[in-house]
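>>> pasting the structure only:
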């Protein structure tokens with residue numbers, strides 16, 4: 001991100017002996033909220049590869065092609081299923097049951113881990129005694 005590039009430039013500026021005052025790694029880290037190993041890596045990259053390589057962000061080959069499996073539409077459908085009736089012969093939804101049901105509904109598989117993360121993000125607890133669309137946590141006033 002542009003913040004990463006800006007931090008790298010700040011580090012190089014602070015470490016530049018031609019533009020005093022030169023800061024220590026520890027001072028630079030505390031001033032910019034960056035870890036000392038990050039500062040070490042930036043300085044090492046600058047010394048070994050130069051400025052252009054230091055401020056250029058390396059992107060994964062797949063980063064442009066990566067797509068979220070669970071977008072808003074899929075998330076809504078997942079929560080609708082998880083709040084709905086449990087399949088016959090089961091006492092509650094499990095990640096495996098949700099995975100199988102979502103594969104049927106969407107015609108494409110979604111991993112159990114993606115389902116788990118989505119449920120966690122929405123504070124949805126599969127182990128709750130009852131499932132419902134608006135599970136409320138008990139507070140002192142209620």
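That came through fine. Quantities reported herein were computed from a predicted structural model and do not represent experimental measurements.
>>> hey, let's count contacts and neighbours off CA atoms from now on
Noted.
>>> and the helices in this structure?
2-15, 25-32, 36-49, 51-55, 72-83, 95-106, 112-121 (DSSP state H).
>>> residue nearest the middle of the chain, spatially speaking?
residue 117 (10.1 Å; CA atoms, centre = their mean).
>>> residue 89: which of the helices of the chain is closest?
helix 95-106 (11.6 Å; CA to CA).
>>> could you give the mean pLDDT of that closest one?
Average pLDDT, helix 95-106: 92.
>>> circling back: mind putting the helices of the chain in JSON lines, distance to residue 89 included?
Output for the helices of the chain, formatted as JSON lines (distance: least, CA to CA, whole Å):
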{"stretch": "helix 2-15", "distance to residue 89": "52"}
{"stretch": "helix 25-32", "distance to residue 89": "57"}
{"stretch": "helix 36-49", "distance to residue 89": "54"}
{"stretch": "helix 51-55", "distance to residue 89": "58"}
{"stretch": "helix 72-83", "distance to residue 89": "16"}
{"stretch": "helix 95-106", "distance to residue 89": "12"}
{"stretch": "helix 112-121", "distance to residue 89": "21"}
